[in-house]
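Undergrad: Got a sequence here, can you build the structure:
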Amino acid sequence: MSSPWSRRRFLQGSAASALALSTLGTATLPAFAVTEDEYAALRATWRELILGTGFSPTAEPFRTLLGNLGRSAQGFLSTMKPAAGSLWPDLVWADPEPDLDAESYTFSGNMASGYSRLQTMAQAYCQPGTGLTGDPALRDAVLAGLDHLYTQVYNENTTRYGNWHNWQIGAPQALMDTCVLLYDHLTETQIANYCRAVDAFVPDSVFDSYSGISTGANRVDLCRGMIVRGIVGRNPDKIALAAGGLPAVFPYVTSGDGFYSDGSFIQHRNVPYIGGYGTVLHDGVGRLLALLRGSSWQLDDPGTQLFLDTVDKAVAPFIYNGLMMDNVTSRGISRNGSNDHTRAHGLLATIVLIGQGASPEENARWRPMVKGWLQRDYYSSALNNTGLSLIRASLLHSLHNDITVKPALEPVEHRLFHNMDRVTHRRRDWAASISMASQRITHYEFGNGENARGYHTGAGWLSWWGSDFGLEQYSDAYWPTVDPYRLPGITASRKPLADGEGGNWGQLMPDTAWVGGTTDGEYGATGQHLKGLSATMYAKKSWFWLDDSVVCLGAGISATDGFAVETTIDNRHLGTSGAPVLTVDGKSQPTTQGWTARFDDAGWAHIAGQAGYVFPGGSQVNAVREERTGAWKDINAGGPADRLTRRYLTLFTDHGIDPADGTYAYVLMPGASAAATSRRAGNKGWLKILANSGDQQGIRVPQLGFTAVNFWSAGTLDKIGASAPASVLIREHRDGTATIVVSDPARQATSLDITWHKGVSKVLSKPSTLTAATTGGTLKLTFGDLAGTAGAPQKVTVRLC
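TA: Model prediction:
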């Protein structure tokens, strides 16, 4: 097995043995003959990765970014007052009862925040155009602050308290970055002190195994801290150990934290997190690959390609027109000061950075992709984000100004992430995504006082956006003001839940297995056996994904809690003054705030500038216009208490108190006009609902040659039969072929027979799981044990008679 770093710099004999020992945390001899020039080169590279390069400090937005940096640093300088237990009066780290419980998190967080402020001050000292460039008073204050923190709290004699992350990731990263920036002004004693402190809290043993806190994004952060510590302290063994620990994040996992082969990314055991920890992981790996490239520790691990592949497989599907979908951000949605757009901005820059070390083909694909996102984000473009770091801003503006790069269009694709219960459906002019929960994936995550009311985000939350509308839906104080029981697409009991229901880091999961679906890569079928959090409510929910619409079915909706159960058709965020016209069956409804109405047999509805909704066979629909008031502090203990008010227009179906076997059916048409919605409602032959029950849910769209059925139990529907629970999608093509895609979302089928009463002359392609196929007047497909496929689609192509 080849080494994860370049072999060309290895010394022979005893030094190689020392390297082997150093990975166990026991070696003291250097593994490489490293010159002072190489350490200096690594410091210079890391400095550039912090500060950015190739920009004019007098050109916008860099002039503004540098000015903001200078003002922040000046504020920190003017308020810095070293005292026992603090460096700033508002950041007291002295914990009167130091332990590892949540009450101590604030104190350890203040310690780490102190280092972050010092890093900001160091950047202002090093960057041009800050008004503090080269200011000796600022420099001396940073050096004094580093010594104060070391003497009082962050040293080898302190027992860790509060949040481990502050001691092992937050503080050491900011400390070592500051040391790189001010390296020429540090004494050898200071360097030794700070390195000893990092060694005490980030021991070599963190890399002993890929488990516990040392997985996924946390592993990358730990590697980063130790690598930079090794550079600052000129310790090749530390660099080698951490560089050798980085490739552990590259292989795809089949359980627990990390990337999966389908593009899923899990952190904290059962939380989809590509928009949070996944972003951190990509940024960290991207920077470390750039740092070590061409050095004695260059990563040549073959698993690096697996990491590069995640840009297309895991990241890109969740970015639409410059925003990162909230359903893979978990607690991040509850943090004031960021939104789905700003959370994507840094990641766009990371993709550009990673591309510089990728293959020419990958870089040529990613740069147009990112440029397209930059140009199409009309709501909050990364190019106008004055909160971006200089390195990220310089990368994005350089791409934007590169006339040789033409922006790529959004792809037409459907992606099923069966290992994290998420689905994305993308078209040129709209995109949508589903968020679900199962016995594998939590309802939601609550921890550190964050995301206190996210409890129904896994209940079939259907989020969607248009190419030139709706990009602000989740961006403007949505989460502190929305009714958490009425998220778009969910079915939920109105039973009141406590903030943080399930407890701190509870991450409760329903005991449901059938959650997932199937896809041919363009269309899709998705299903969720839903059980409510801390409630008796349950339902069977299905979504069928087409070119211009999503067909949404619900059945078996029942509860015995004594509370009403609702399915939210949609809940559009209207900002502070929006009042789009709602049309129901051709009649415009009042725009007055506080207006409510119930339509007992609605055929279709339309919200101007947003979407159309068709109700096959008619449906009971409730509509509400309301202004809702809340504060970030309501959903995040660290958020501000300022009260915010936003308008909402909500469409929902009230299934009543303690429903028994309730149903719903509607078609979502993002961006459709009122006329197009009316025409679709009047075209009775366009859609046929084959079944909507607790046993099967299925549809056929003849003009698309599309048929799909979610079999909750074995049975036959129309021309399709399944011998066990399964998701089946069939597309008949104009060239005389058909595609049949089958999955076992419950991961329980030891064998599965699928029959299709359709003439088939030949099987053209098949997966390894297909053990037998019978053609003729009826096609019979026999699959072997599918339990090990983790719910992945199994695709068969046939020639029709």
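Undergrad: What pLDDT is listed against residue 101?
TA: pLDDT, residue 101: 83.
Undergrad: pLDDT weak spots in the protein?
TA: The chain contains residues with pLDDT under 70 at 1-32.
Undergrad: Next SSE downstream of the helix ranked longest in the chain?
TA: With secondary structure taken from DSSP state H, the chain has its longest helix at helix 105-126. For helix 105-126, the succeeding helix or strand toward the C-terminus, using DSSP states H and E, is helix 136-152.
Undergrad: same for that next one, what does it pack against?
TA: Here helix 136-152 touches helix 62-79, helix 105-126, helix 171-181, helix 188-201, going by 3 or more C-beta pairs under 8 Å, 6 or more residues apart in numbering; DSSP states H and E. Heads up, the C-betas are built off the backbone N, CA and C, glycines and all.
Undergrad: wait, which of the ones you listed is closest to residue 479?
TA: The closest of the helices and strands packed on helix 136-152 to residue 479 is helix 105-126. By C-beta to C-beta, the value is 21.4 Å.
Undergrad: That closest one packs against which elements?
TA: Going by 3+ C-beta pairs under 8 Å, 6+ apart, helix 105-126 lies up against helix 36-51, helix 62-79, helix 136-152, helix 171-181.
Undergrad: and it with helix 171-181, angle?
TA: 10 degrees (axes from the mean of the first three to the mean of the last three C-alpha atoms, to 10 degrees).
Undergrad: report the angle between the axes of helix 105-126 and helix 62-79?
TA: 120 degrees.
Undergrad: Which one, of the helices and strands packed on helix 105-126, ends up nearest to residue 128?
TA: helix 62-79 (6.9 Å).
Undergrad: residue closest to the middle of the protein?
TA: residue 275 (2.4 Å; C-alpha atoms, centre = their mean).
Undergrad: count of neighbours near residue 477?
TA: Using other C-beta atoms under 10 Å, residue 477 is surrounded by 21 other residues.
Undergrad: what sits against the spatially closest residue to it that is not a sequence neighbour?
TA: If the residues on either side of it in the chain are set aside, residue 477 comes closest to residue 644, at 4.6 Å by C-beta to C-beta, 6 or more residues apart in numbering. Residue 644 makes contact with 477, 480, 481, 629, 630, 631, 632, according to C-beta atoms under 8 Å, 6 or more residues apart in numbering.
Undergrad: now the helices for the stretch 501-650 of the chain?
TA: 632-635 (DSSP state H, counting those that start in this stretch).
Undergrad: Next, please give the residue ranges for the strands of it.
TA: 515-519, 524-531, 538-545, 550-558, 564-573, 582-584, 587-588, 596-607, 611-630, 644-657 (DSSP state E, counting those that start in this stretch).
Undergrad: JSON lines for those strands, including distance to residue 362?
TA: Putting those into JSON lines (distance: least, C-beta to C-beta, whole Å) gives the following:
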{"stretch": "strand 515-519", "distance to residue 362": "24"}
{"stretch": "strand 524-531", "distance to residue 362": "26"}
{"stretch": "strand 538-545", "distance to residue 362": "28"}
{"stretch": "strand 550-558", "distance to residue 362": "32"}
{"stretch": "strand 564-573", "distance to residue 362": "36"}
{"stretch": "strand 582-584", "distance to residue 362": "46"}
{"stretch": "strand 587-588", "distance to residue 362": "51"}
{"stretch": "strand 596-607", "distance to residue 362": "40"}
{"stretch": "strand 611-630", "distance to residue 362": "35"}
{"stretch": "strand 644-657", "distance to residue 362": "41"}
